[in-house]
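Student: Give the three-dimensional model of this entry:
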Amino acid sequence: MLLGIGYLPRRTGPALWRDFDPVEISDELAQIAALGFQAVRVPLFWADFQPRQDEVSLKALEHLAQFLQIASEQQLRVHAGLWAGMWDGALWWPAWGLTPAPLPLNWPMIVNNRRARLGRLRSPFADERVLESRMLLATELAANFGDHPALLGWEPLPGFGRLAASADKTMALEWLAASCEMLANASPNLPCSCLLAADALEAKTAIRPQDILAAGAQPSLSVATFASDRRRLPLSVRWVIFTLDLMSALAGQSVSLCLAGLPTAPIGEESAARDGIYYASEEDAAAYLRAVIAIARQRQCPQVWLWRWADIPEDQWDRPPYEIGGWRRVTGLLRADGQAKMWTNALTGDDVIDYPKLDFDIEAYLADPQMQFEKYWRQYQWQDDPRQFVSGADA
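Tutor: Okay, the predicted model is just below:
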């Protein structure tokens, strides 16, 4: 099982490609490798790599080449978020990808590295300008790096599932299939993957893991750890294994798992919910992560991804998207001062855990996802509690 982590440098942050600091990156990737990770997931912010519709930034390409070289030296693979896309709870987009019209958004939008107040998103799936531009960038990236040994794969349009939710499903899947085919032709050894959120599993018209597979990509499950509603319970191990089993059943294969954020409380404070967000104590976060890694190993997940490398330093709290939503600032494996949080201790354990499995009737499920989802979730909650996880030596 590959263990990876979302990466932006602690000091440079989202300015990774503009203010490239090879010393900082080399030091941090060495720390990441030493902790037992095999890969990092990085966003190729579209505005940085393609500042104009018809121009790919040579500077950004040079910085990516340096990044891949540094990763190779640390024996790390790099999963590249192409045409990024959603990251840290915001949408990052180039200015040429907007039309000048007001549009309230459900998430912050960062345009050319500044928070946008106005602007209607040109559809990544239908707008000719955006479609042509995506081909230009993909062609350049594949030509330069398609056979680079450090590259693990592509993630076309990070946040694809969320962006596709407001678009025509057929059109979005045609876009994904065309993108995967283009990337496969240019870099045949690099697979594509897409994250799907757990809450999409119960919507009848939602894109499903089998749709992602049919389009030529590998589906991965994205689970929010900090929500506090009747299903996405904070730090709920049972919720993780239920949604992981359901998505795997729909896909007909084991799927990878991405933990979408694990906000932590200040040192010494207990776990608590504030403004609808659950902030875990470092002790509780460590226990949760230990169990989830054991589950992923037992369920044979190909990959497990943690959300981000480091908390946001206070001197960056005025930069978008970190000036609002305090949870975005504290989801790192490291604290803002660079010290490791307690949950790093959970990364290298060999624990095992045994959760019951449900038998899913996929045909019935697809006929009425919402009702079947509720039925199976109730059944899973009523299952006998699993045994406590134990060390591999005692299992």
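
Student: Sketch out the helices for this protein, chain order is fine.
Tutor: If DSSP state H is used as the criterion, the helices of the chain fall at 22-34, 46-49, 58-73, 128-145, 160-164, 169-186, 209-214, 237-251, 282-298, 362-367, 369-382.

Student: and the fourth one, which residues are buried?
Tutor: Across helix 128-145, burial judged by 16 or more other CB atoms under 10 Å covers 130-131, 133-134, 137-142, 145. Heads up, the C-betas are built off the backbone N, CA and C, glycines and all.

Student: Reformat those residues as JSON lines; add pLDDT and distance to Glu181.
Tutor: Supplementary listing: these in JSON lines, determined by pLDDT from 0 to 100; distance: CB to CB, whole Å:
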{"residue": "Val130", "pLDDT": "94", "distance to Glu181": "18"}
{"residue": "Leu131", "pLDDT": "93", "distance to Glu181": "14"}
{"residue": "Ser133", "pLDDT": "93", "distance to Glu181": "18"}
{"residue": "Arg134", "pLDDT": "93", "distance to Glu181": "13"}
{"residue": "Leu137", "pLDDT": "95", "distance to Glu181": "16"}
{"residue": "Ala138", "pLDDT": "94", "distance to Glu181": "11"}
{"residue": "Thr139", "pLDDT": "92", "distance to Glu181": "13"}
{"residue": "Glu140", "pLDDT": "94", "distance to Glu181": "17"}
{"residue": "Leu141", "pLDDT": "95", "distance to Glu181": "16"}
{"residue": "Ala142", "pLDDT": "92", "distance to Glu181": "12"}
{"residue": "Phe145", "pLDDT": "95", "distance to Glu181": "18"}
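
Student: returning to what we had before: out of the helices of the chain, which comes closest to Leu2?
Tutor: helix 282-298 (10.3 Å; CB to CB).

Student: what residues are up against Asp361?
Tutor: Applying CB atoms under 8 Å, 6 or more residues apart in numbering, one finds that Asp361 lies in contact with Gln372.

Student: what residue ranges in the stretch 101-250 of the chain score low on pLDDT?
Tutor: Applying pLDDT under 70 to the stretch 101-250 of the chain flags the ranges 101-107, 227-232.

Student: these two touch, right, Ser179 and Leu137?
Tutor: No: because the distance of 11.1 Å does not satisfy CB atoms under 8 Å, Ser179 is recorded as not touching Leu137.

Student: quick one on the thing from earlier: mind putting the buried residues of helix 128-145 in TSV, distance to Ala367 included?
Tutor: Putting those into TSV (distance: CB to CB, whole Å) gives the following:
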residue	distance to Ala367
Val130	35
Leu131	34
Ser133	40
Arg134	35
Leu137	40
Ala138	37
Thr139	42
Glu140	45
Leu141	41
Ala142	40
Phe145	44
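
Student: Tell me the one among those nearest to Met1.
Tutor: Within these, the smallest distance to Met1 is 25.3 Å, found for Phe145 (CB to CB).

Student: How about the contacts made by that closest one?
Tutor: For Phe145, the contacting residues are 64-65, 68, 151, 187, taking CB under 8 Å, 6+ apart as the criterion.

Student: Good, we can wrap up now.
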